[in-house]
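Asker: How does the following fold in three dimensions:
(chains A and B)
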Amino acid sequence: MRDQARQIFVRLWPLIVLLATAAVTAQIADFGGQLLQRKVQLALIYLILTVALYVFTGNSGVFSFGTISFMSVGAYTTALLTIPPQTKHDAFSQLPHFLQHANWPTTAAITFGGVLAAAFALVLSLPLMRLSGLTASLATFAVLNIVYIVGNNWVTVTNAAQGLEGIPQGTTVNTALAWSLVAITAAYVVQISRYGLRLRASREDERAARSIGVGVHAERRLAFVVSGFFGGIAGGLFAQYIGAFNASAFYLDITFLTVVMLVVGGVTSLAGAVIGSIFISFVSEVLLDIENGFNVGSVHIPGRSGLREVILAVIMLTILILRPRGITDGRELTWPFSRRRFERFGRTTALEVEAPPAEAAQNVEVT
Amino acid sequence: MTALLLSIDLSKDFLLQNLVNAISLGSLYALIALGMALIFGIMRLVNFAHGDLLMVGGYALVLLAGPPWPVLLLATLAICALFALGMERIAFRPVRNASASTLLVTSFAVSYFLENGAQLIFSPLPKTTNISNTLIQSWQVGAIYIAKLNALTVALTLVLLALLGLFLGRTTIGVQMRAAAEDFGMARLLGVRANTVIAMSFAIGGLLAGVASFLLVAQTGAVFPTMGLAPVLVGFVAIVLGGMGSLQGAVVGGFLLGLISVTLQAYLPLTLRSYRDAFTYGIVLLVILLRPQGLIVARRERQRV
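Answerer: Numbering: from 1, shown residues only, chains lettered A, B, ... in the order given. Next up is the predicted model:
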């Protein structure tokens, strides 16, 4: 009995560590004023976004450009449902009747945005998940472009390139943290579930996975829908954080930023998504200050636009070349005092290609 | 409904004029797509940084402005080829054996680096240049205008296609490149040097991008850090349409995309015209779903028994 409890604890340890990491990050907000609070909110929104990207890309090995389209769906949904009717009447009289009068509470609107984004992901996944890896990536890239173009031109709903404004700024550190915890937990549950394990098997070797009865399509579809849901949630939180946006907020820049976060952290582990997003958020904020110019003593050093992006690109290239599996080396942060090797390195990474054959065989027996 | 139809010109002259435009636009697209297909064929790399080579070429044209345009063109070509070789050596060679996804992400980072590097050095504001006044003039044939620049675009494309055909068919390195595109592992076993063929494909891709850059800048006259985005999206769409990794496919895809863009621009009802590119990507999705191997199947992609 005690042994069983210990096993469950060891099994859940990587999750506990990551939940704690997110919670500690949120506590940083208490040390500063409103500006710091906003930075922490944004970091947590990026965390959810990166976790959303990870749920599909990390588990399946197929790069998706779709996460940002889901974010866009969530952001527009939340914005349209929560902008006060009076503002809509004054500024966006072209909106359809039912949106004119919608005045939803924040959490309901954000949740609904997530559900709508998940539904969009489900519809997309029906044809797209049948495609092989690279082709599926390119198809999601086409989707990203279509969503961007529609958002930028649809006068009656998205207000075309002018975008939406007057969105109540309801996102707080606590709501962002709460959704982060939900996202991390959901991602971990997906990953250790039967579906997740099968999906990760297909990532390592699709043919071998198929030969032992993994259908691949259904597994990818599930991960894609979960990814869509949290992409939508991140979008809703972002809308309520930023207050005003247009379609170009959900295009290549933010796509690049989330990809950097995941790649730098480590594509194949949830720890990579969480740590990578927090790390890059921090670096990115520091670089932003440098980019805006700063003072050394009495000398003002002027900023240059583009500096932050150049350095982020260099960080990403360095990681890709020198440590292609990211800061975490694609591993979860497992219980450090375990006697059994496979527990120490995490169930899902113990069987990876690098392990010498004899050892790998041993691990299979243990599992 | 009648108002919708009235906004569309169905005359024969309009049709012919659009056809002329489509051919010259398609030539430019084919040049861009060809460079990307060459690299994809050998390395399985969808090079998102290809468009930024056009941007590099653009800034070269601005900074070197002065000498007559043929000299300027040659200098731009050299600079684009050097940048292409540089990105291969620094960024792509170390990750060469990684998965197609990793390569894609790497090219994304390279693109971002170049784009923002240009922004850092030259500021985000566009710079203008005037390459040649004679090239902007047009010939008039009946009611149809043919810009000299468009004629040059088509002519240059045809010449380059012929030269590339000769190079790939007749020279040793060309044959090796085709062999590598068909089966990289087998080619290496037979003594083809991986570094040489890959570097060569990047150099040629760079040259093609240089030509495309020259033609583009001669037409628009403006150079800015993000100017590579539109061309790389064009190249991406064209190689998917034509069949990834097939050179003929890239050319066909480029011309086809030129035709699609001009047709949608000319004949879509006014209210839908701003969605033109969304329709283009919709067609891309359809092609991916219904004919994932593209319109022309690269030999390597065929099922082996």
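Asker: where do the strands sit along the stretch 1-150 of chain B?
Answerer: Along the stretch 1-150 of chain B, counting by DSSP state E, counting those that start in this stretch, strands occupy B:127-128, B:138-141, B:144-147.
Asker: deepest of those, which one?
Answerer: strand B:144-147 (a mean of 16; mean count of other CB atoms under 10 Å in any protein chain shown). For the C-beta atoms, the positions are set from N, CA and C on the backbone; glycine is no exception.
Asker: Sketch out the low-pLDDT regions of the chain for me.
Answerer: By default, I'm working from chain A. Chain A contains residues with pLDDT under 70 at A:297, A:302-303, A:338-367.
Asker: that's the wrong chain, I meant chain B
Answerer: Using pLDDT under 70, chain B drops low at B:1-9, B:297-305.
Asker: Pick out the residue closest to the middle of it.
Answerer: Nearest to the mean C-alpha position of chain B, counting by CA atoms, centre = their mean, stands B:Ile32 at 1.0 Å.
Asker: wait, isn't that one in contact with B:Ala209?
Answerer: Yes - proximity of B:Ile32 to B:Ala209 meets the contact threshold set by CB atoms under 8 Å, at 7.1 Å.
Asker: Now whatever residue of the stretch 151-300 of chain A ends up closest to chain B. Nearest residue, chain neighbours left out?
Answerer: The nearest approach of the stretch 151-300 of chain A to chain B comes at A:Asn153, 4.6 Å away (CB to the nearest CB). The shortest distance from A:Asn153 to any residue other than its chain neighbours is 4.6 Å, reached at B:Ser274 (CB to CB, 6 or more residues apart in numbering or on different chains).
Asker: Residue 81: neighbour count?
Answerer: Since you didn't name a chain, this refers to chain A. 21 (other CB atoms under 10 Å in any protein chain shown).
Asker: right idea, wrong chain: chain B
Answerer: 21.
Asker: dump the residue contacts of it.
Answerer: Contact partners of B:Ala81, counting by CB atoms under 8 Å, 6 or more residues apart in numbering or on different chains, are B:Ala203, B:Gly206, B:Leu207, B:Gly210.
Asker: which residue sits closest to the first one, ignoring its sequence neighbours?
Answerer: Spelled out, that is B:Ala203. Nearest one to B:Ala203, counting by CB to CB, 6+ apart, is B:Ala81 at 4.9 Å.
Asker: buried ones in stretch A:256-263?
Answerer: For stretch A:256-263, burial by neighbour count (16 or more other CB atoms under 10 Å in any protein chain shown) applies to A:Phe256, A:Leu257, A:Thr258, A:Val259, A:Val260, A:Met261, A:Leu262, A:Val263.
Asker: For that stretch, give me every contacting residue.
Answerer: Here stretch A:256-263 has contacts from A:46, A:49-50, A:53-54, A:57-58, A:63, A:67-68, A:272-273, A:276-277, A:279-281, A:284, A:309, A:312-313, A:315-316, A:319-320, A:326, B:105, B:108-109, B:112, using CB under 8 Å, 6+ apart.
Asker: 7 Å instead?
Answerer: A:46, A:49-50, A:53-54, A:57, A:67, A:272-273, A:276-277, A:280, A:312, A:316, A:319-320, A:326, B:105, B:108, B:112 (CB atoms under 7 Å, 6 or more residues apart in numbering or on different chains).
Asker: count of residues packed around the closest residue to A:Arg210 other than its chain neighbours?
Answerer: Using CB to CB, 6+ apart and skipping the chain neighbours, the partner closest in space to A:Arg210 is A:Val216 (6.4 Å). Look at A:Val216: counted by other CB under 10 Å, it has 19 neighbours.
Asker: Distance check, A:Val216 against A:Arg200.
Answerer: 11 Å (CB to CB, to the nearest Å).
Asker: helix, strand or coil for A:Thr171?
Answerer: Of the three states, A:Thr171 takes coil according to DSSP: H, G, I helix; E, B strand; the rest coil.
Asker: Let's have the strands of the stretch 1-150 of chain B in CSV, adding distance to A:Val40.
Answerer: Listed next are these as CSV, based on distance: least, CB to CB, whole Å:
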stretch, distance to A:Val40
strand B:127-128, 40
strand B:138-141, 59
strand B:144-147, 55
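Asker: my read: A:Arg220 touches A:Thr57, true?
Answerer: No - look at A:Arg220 against A:Thr57 with CB atoms under 7 Å: they stay out of range, at 10.6 Å.
Asker: Show me which of the two is the more surrounded one.
Answerer: Between A:Arg220 and A:Thr57, counting by other CB under 10 Å, A:Thr57 is the more crowded of the two (31 against 27).
Asker: got the phi/psi numbers for the residue nearest to A:Asn153?
Answerer: phi -70, psi -10 (degrees, to the nearest 10).
Asker: Count the neighbours of it for me.
Answerer: Using other CB under 10 Å, the number of residues around B:Ser274 comes to 16.
Asker: Same question for the one 3 residues further on.
Answerer: Look at B:Asp277: counted by other CB under 10 Å, it has 20 neighbours.
Asker: which residue packs closest to it, ignoring adjacent ones?
Answerer: Closest to B:Asp277 by CB to CB, 6+ apart is A:Ile149, at 5.3 Å.
Asker: Please tell me how far the one you found sits from B:Ala278.
Answerer: Using CB to CB, we find A:Ile149 at a distance of 4 Å from B:Ala278.
Asker: Ok, A:Ser211 next?
Answerer: Taking CB to CB as the measure, A:Ser211 falls 40 Å from B:Ala278.
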